[in-house]
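[1] Build me a structure from this.
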Amino acid sequence: MQSTILKYVLAAAAAVALSQSQADMVQSSSLNNDNDHSRLAARALNKEAQSFNSNFTNLSSLSITERSGDKIRRETIAAKIEIPEEEPSVIEKLNTVASNTVRRFSQTGTASWYGRQFHGRKTASGDTFDMNALTAAHRSLPLNCFIRVTNKNNGKSVVVKVNDRGPFHGNRVLDLSYGAAKQLGITNSGTASVSIERVDGPNS
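    Sure thing, here's the model as predicted:
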């Protein structure tokens, strides 16, 4: 009996990330049947539920499993936890972290350019490619965001809109429109070493 009780206590404690010292401890002599076991698990869950609201967004029950030899017995206890509406969800927190990371994006590498052969075609964002506009293709940055590109060889910079995907050639990190490449002075060389940083808009 004492071994069975211990299993219920540990299962309840693990389900809500409690240490044994935080759980509701009951003398083993008072647990005489399965209902007592269930009440113990329910008390352990409900006692600390509110302090863990920000960590659990969809906890509706506690599952208890008891193993005795080859027999396995499972029991589920309803234990709905209400999450305050003002508390941001885990997904929202992750999205905020991701957005902040992208906002601080910076990169260095080799940039190339593309022009007349793609003029008038659709880009990955749905825009019509204009070889003379200030745009660029990047492999992973959000479409329609803006970046400042600086030619590390001459110090010239230009802000471009990322509206396409690429380049997919070698280890290049950026494919500029002809218009952007012209402002950076790399139309003759074809490629250049550049630095990239995320900015808020075209006039940043």
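[2] Please, where are all the strands along the chain?
    Secondary structure of the chain by DSSP state E: the strands cover 61-68, 71-78, 106-114, 135-137, 146-151, 157-164, 172-177, 191-199.
[3] could you give the angle of the fifth one to strand 157-164?
    Think strand 146-151. Using axes from the mean of the first three to the mean of the last three C-alpha atoms, to 10 degrees, the direction of strand 146-151 lies 130 degrees away from that of strand 157-164.
[4] okay, the strands of the chain, which one's buried deepest?
    For the strands of the chain, the largest average neighbour count (mean count of other C-beta atoms under 10 Å) is found in strand 135-137, namely a mean of 25. The C-beta positions use only the backbone N, C-alpha and C, and glycine is treated the same way.
[5] Show me the contact partners of that strand.
    114, 123-124, 127, 129, 147, 149, 160-167, 174-177, 179-180 (C-beta atoms under 8 Å, 6 or more residues apart in numbering).
[6] What's the mean pLDDT across it?
    The average of the pLDDT scores along strand 135-137 is 97.
[7] which stretches of this protein have low pLDDT?
    The chain contains residues with pLDDT under 70 at 1-71, 75-91, 93-103.
[8] just the helices in it please.
    For the chain, the helices defined by DSSP state H occupy 2-15, 34-48, 90-103, 178-184.
[9] still on that earlier bit, closest one to residue 184 among the strands of the chain?
    Between residue 184 and the strands of the chain, the shortest gap by C-beta to C-beta is with strand 146-151, which sits at 4.4 Å.
[10] by contact count, what packs against that closest one?
    When contacts are defined as 3 or more C-beta pairs under 8 Å, 6 or more residues apart in numbering; DSSP states H and E, strand 146-151 packs onto strand 157-164, helix 178-184, strand 191-199.
[11] how near is residue 151 to residue 119?
    As judged by C-beta to C-beta, to the nearest Å, residue 151 and residue 119 stand 23 Å apart.
[12] Excluding covalently adjacent residues, which one is nearest to residue 198?
    Once flanking residues are discounted, residue 198 sits nearest to residue 105: 4.2 Å by C-beta to C-beta, 6 or more residues apart in numbering.
[13] Surely the one you found touches residue 141?
    Yes. With the criterion set as C-beta atoms under 8 Å, residue 105 and residue 141 qualify as a contacting pair; they are 6.7 Å apart.
[14] overlap in contacts of these two?
    Taking C-beta under 8 Å, 6+ apart as the contact criterion, the common neighbours of residue 105 and residue 141 are 147, 198.
[15] who's more crowded, those two?
    Looking at residue 105 and residue 141 with other C-beta atoms under 10 Å, you find the greater number of neighbours at residue 141, namely 19 against 16.
[16] which residues touch that one?
    Contact partners of residue 141, counting by C-beta under 8 Å, 6+ apart, are 102, 105, 147, 162, 198.
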